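1. What follows is a protein structure lacking sequence information:
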């Protein structure tokens, strides 16, 4: 196996986002210490984050592409085991000859699901003029 070093400088924003991802993953690990702490929605989001990260990492180097493909297949089986909906992205396949394999470029990733929770954009409740809140 030929060893090829990656460049020392990443694309704009990539290093910062990778560092934030690592920090968030550590926080998630600390919070999710027991199986009972997970919900189906949280597990689906975590699996999706791993899938998207693996696809991104697979483009870093041909060796990375070959390494993440089994992980992506395992995540498909994990979705089935946890009764989670299937990924909305097609399963990636390796392209090229035995030496310079890459993961087929993925379809641009968008989060088509509706947002859950009170995340960014929440502006609070509006009470029309002339109405009162009971018990206030």
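-> Structure received. These numbers come from a predicted model, not from an experiment.
2. Quick check: the residue nearest to residue 4 when sequence neighbours are not counted vs residue 46, distance?
-> Leaving aside its chain neighbours, residue 4 sits nearest to residue 61 (6.5 Å; criterion: Cβ to Cβ, 6 or more residues apart in numbering). From N, CA and C alone the C-beta is placed, and that goes for glycine too. The gap separating residue 61 from residue 46 is 25 Å, by Cβ to Cβ, to the nearest Å.
3. again with residue 55
-> According to Cβ to Cβ, residue 55 stands 15 Å off from residue 46.
4. the more surrounded of those two?
-> A side-by-side neighbour count of residue 55 and residue 46, using other Cβ atoms under 10 Å, places residue 55 first with 19 against 15.
5. give me the element that one is part of.
-> Assessed by DSSP states H and E, residue 55 sits inside helix 40-58.
6. go on, residue 71?
-> Assigned by DSSP H and E, residue 71 falls in helix 62-81.
7. same deal with residue 22?
-> Here residue 22 is assigned to helix 14-31, by DSSP H and E.
8. Please tell me how far the nearest residue to residue 10 once chain neighbours are set aside sits from residue 11.
-> In space, and not counting its chain neighbours, residue 10 is closest to residue 18: 7.6 Å by Cβ to Cβ, 6+ apart. Distance of residue 18 to residue 11, given as Cβ to Cβ: 10 Å.
9. Who has more neighbours out of the two?
-> Legend: neighbour count by other Cβ under 10 Å for residue 18 and residue 11, higher for residue 18 (14 against 8).
10. For residue 27, see how far away that one is.
-> Distance, residue 18 to residue 27, by Cβ to Cβ: 15 Å.
11. go on, residue 74?
-> Taken as Cβ to Cβ, the span from residue 74 to residue 27 is 23 Å.
12. Can you give me the pLDDT of residue 101?
-> We have a pLDDT of 54 for residue 101.
13. Oh, that last question was meant for residue 96, not what I typed.
-> The model's pLDDT for residue 96 equals 58.
14. low pLDDT regions in this protein?
-> Across the chain, the ranges flagged by pLDDT under 70 are 1-2, 90-128, 133-136.
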